[in-house]
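Student: predicted model follows, preceded by the sequence.
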Amino acid sequence: MKKNIDTIIIGGGIVGLSCAYYLQKEGVEVAIIEKGAPKDACSHANCGLVSPSHALPLNSPELMMKAMKWLFQSDSPFYIRPQLDANFISWMLGFGLNARADKVQKAMEGRNNLMLSSKALFKDIIKEENIDCNWSDEGIMFAFESEKAFDKHAAINRRLTDLDMQLMADPMVGDALYQKEPALSENVHGGWWYRFDASIKPDLMVAGLKKTLKQKGVQFFEETEVVGFESANYQITGINTNRGDFKAKNIVLATGAWSPKVVDDLDLKIPIVPGKGYSITMKSPGFSPKMPCIMEEKKVVATPWNGSYRLGGTMEFAGYNTELNKVRFNALKKAANIYLRDPYTDDVLEHWYGWRPMTNNGLPIIDHAPKYRNMLMACGHNMLGLSMGPATGKLVSEILTAKETHIDPSYYALRGNFN
């Protein structure tokens, strides 16, 4: 066994790094075990949105009505590949049950708490640690091709505003829209500008935070895959990996979509399935957007940074499928062709996919594992791991050090919240 480290975090994405950041601030000895390279994590090439505007979960009635039209279209924003998988079928049943109004409201509240906290914490971390990550407070533009869809979004905006006035968007059409975002094409009828949202270049943030943690003494065990656990008396007594065994007082599971597989031999049922997303990163087009633009009817995002540009989106439920699906990449470009004057360049830097850790109610799980008192789960952040990362890390630190929590942890408890 390697030395008995106080806390081992399994997973080196934005959630795991955030947990390490706040734990080391409390004087806790921390190590991070990473399975693969940073590019394999969802934190690497997502669209970099820090977006409290996304408080409404995917299984809200408004979004489910759209999704039903897309389910089995291979190039649609929301696609389910036919599969006979008992866990996925059970997850889908829970997904439907969690579309009840009271469940959706609870999910909105829990998501909002994490995202509002994370936005403030991001700004603190970036300033305190001097991390250059293309942070932008320009907001996010939700663009609509059709007048009907633009008008219908008013109801969603009212729901968000009722939840928190900070989430209120400004509707824009005509000259007002094109002055705010000149990169939008004439096909766009209108947009809702969520001024409170922000954006970041995720790989730069991850690299900067990782460098900071190493300087502060956090240990990293890279290319280290967990292959099993040892347990006794309701405790995890050892972590078995392909590079030796570890012992720790506390273990944080921050392995995203892989979480159910990582703990498979512990007989833990974690209600997470992988939702595959795609992105194309390229050099910036000549007429790049000023801020991230969400092409709302197609669920595609265009995010600009200094010298680079990313198109990303779609949701594909196909299990742990590793195929680089050209149909999905083409769907990103087709959407950009509709909404943007200068939609993309041929100077592509990376084609990428990642598995989002999808729960069936839209909330992450931040809770002690059943049966194992020294394992804390911090996983299932859906499409919002970046937007929720810092607040999750701070909450995990508060739970493990028995401090008063800065947000209500009951929203993220495994028991009672997930069907």
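Tutor: Cool, got the structure.
Student: residues contacting residue 153?
Tutor: 142, 144, 192, 296 (C-beta atoms under 8 Å, 6 or more residues apart in numbering). All C-beta atoms are positioned from the backbone trio N, CA, C, and that covers glycine.
Student: again, only using 10 Å
Tutor: Residue 153 makes contact with 62, 142, 144, 169, 171, 190-192, 296 under the criterion C-beta atoms under 10 Å, 6 or more residues apart in numbering.
Student: strands along the stretch 51-200 of the chain, start to end?
Tutor: Assigned by DSSP state E, counting those that start in this stretch, the stretch 51-200 of the chain shows strands spanning 78-80, 140-144, 170-173, 190-194, 198-199.
Student: most tightly packed of these?
Tutor: Mean neighbours per residue, mean count of other C-beta atoms under 10 Å, is largest over the strands of the stretch 51-200 of the chain for strand 140-144, with a mean of 28.
Student: just the CA coordinates of that strand, formatted as CSV?
Tutor: The C-alpha coordinates for strand 140-144 follow below in CSV (Å, rounded to 0.1, in the frame of the first residue of the first chain):
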residue,chain,number,x,y,z
ILE,A,140,-24.6,34.4,-23.5
MET,A,141,-27.0,35.0,-26.4
PHE,A,142,-29.8,32.4,-27.0
ALA,A,143,-30.6,32.8,-30.7
PHE,A,144,-33.8,31.8,-32.4
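Student: so what strands line up beside it?
Tutor: strand 190-194 (antiparallel), strand 293-295 (parallel) (DSSP bridges).
Student: out of the strands of the stretch 51-200 of the chain, nearest to residue 365?
Tutor: With C-beta to C-beta, the closest approach to residue 365 among the strands of the stretch 51-200 of the chain belongs to strand 78-80: 22.6 Å.
Student: how far off centre is that closest one?
Tutor: 18 Å (C-alpha atoms, centre = their mean, to the nearest Å).
Student: list the helices and strands that strand packs on?
Tutor: Under the contact definition 3 or more C-beta pairs under 10 Å, 6 or more residues apart in numbering; DSSP states H and E, strand 78-80 sits against helix 61-70, strand 308-317, helix 326-339.
Student: return the most buried member of the ones you listed.
Tutor: Mean neighbours per residue, mean count of other C-beta under 10 Å, is largest over those for strand 308-317, with a mean of 23.
Student: picking up where we left off before, using JSON lines, lay out the strands paired with strand 140-144 together with mean pLDDT and distance to residue 100.
Tutor: What follows is those, written out as JSON lines (pLDDT from 0 to 100; distance: least, C-beta to C-beta, whole Å):
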{"stretch": "strand 190-194", "mean pLDDT": "98", "distance to residue 100": "26"}
{"stretch": "strand 293-295", "mean pLDDT": "98", "distance to residue 100": "26"}
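Student: in CSV, list those along with distance to residue 177.
Tutor: As requested, the strands paired with strand 140-144 are exported to CSV (distance: least, C-beta to C-beta, whole Å):
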stretch, distance to residue 177
strand 190-194, 5
strand 293-295, 11
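Student: to residue 262, which of the ones you listed lies closest?
Tutor: Across the strands paired with strand 140-144, closest to residue 262 is strand 293-295 (C-beta to C-beta), at 31.9 Å.
Student: contacts for the closest one?
Tutor: 47, 49, 51, 53-54, 77, 140-145, 181, 183-184, 188, 191-192, 194, 197, 300-304, 311, 313, 332, 335-336, 338-340, 343.
Student: try 8 Å this time
Tutor: If you take C-beta under 8 Å, 6+ apart as the criterion, strand 293-295 is touched by 140-143, 145, 181, 183-184, 191, 300-302, 335-336, 338-340.
Student: looking at the strands of the stretch 51-200 of the chain, which is nearest to residue 323?
Tutor: Nearest to residue 323 among the strands of the stretch 51-200 of the chain is strand 78-80 (12.7 Å), distances taken as C-beta to C-beta.
Student: paired strands for the closest one, with orientation please.
Tutor: Strand 78-80 has these partner strands in its sheet, going by DSSP bridges: strand 308-317 (parallel).
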